[in-house]
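A.B. asks: I would like to see how this sequence folds:
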Amino acid sequence: MLYSHVTESESNEDTRAGGLQVVLVDDSVPVRERVAASVSAVQGVASVRQADDVTSGLRLLETGRTDVLVLDIEMPGRSGLEFLEIARGRGCAALIIMLSIHDYPKLRQKCADLGADFYFNKLTEFQQVAEVCRDLFNRRARQAG
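C.D. replies: The predicted structure follows:
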């Protein structure tokens, strides 16, 4: 059995109340730390809750608002694809970003078919996760007036 670990990082205080709530699920500690640090630095991100497996990630999804869900595809046990399917099946309206070291067109298409909004190669495009969060927060801020 894998050790399930859940952590939370908070961004600056002035954006916490109305800021984005991000859930990041990846079994690689270095990848999680790198993505979480990048996303936490974005103005408008209130928190980045982290889990290292599908079961822990699903618990996070059930315990609070989630605006952005970032999922690794390949994890021991259940995959990020399964998580994606479960989340969308439960009516999760969060923006969903898939991360993978695999850059196969068929895998990208499968993620899109299951309801993913974005697919990034975690080796070369991980910084795009922060950009998507920034864009989402700015779009919501403009809509709010």
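A.B. asks: can we go C-alpha only for contacts and neighbour counts from here?
C.D. replies: Noted.
A.B. asks: While we're on the spatially most central residue of the chain, how confident is the model there?
C.D. replies: Using CA atoms, centre = their mean, the residue of the chain that lies closest to the mean C-alpha position is Val70, 1.7 Å off. Reading off the confidence values, Val70 has pLDDT 98.
A.B. asks: from what I can see Leu60 touches Leu24, true?
C.D. replies: No. Counting by CA atoms under 8 Å, Leu60 does not reach Leu24; the two are 9.5 Å apart.
A.B. asks: and for those two, which residues touch both?
C.D. replies: Residues touching both Leu60 and Leu24 (CA atoms under 8 Å, 6 or more residues apart in numbering) are Arg49, Ala51.
A.B. asks: out of these two, which sits in the busier spot?
C.D. replies: Between Leu60 and Leu24, Leu24 has the larger neighbour count (other CA atoms under 10 Å), namely 27 against 20.
A.B. asks: is it fair to say that one lies in a strand?
C.D. replies: Yes. According to DSSP: H, G, I helix; E, B strand; the rest coil, Leu24 belongs to a strand.
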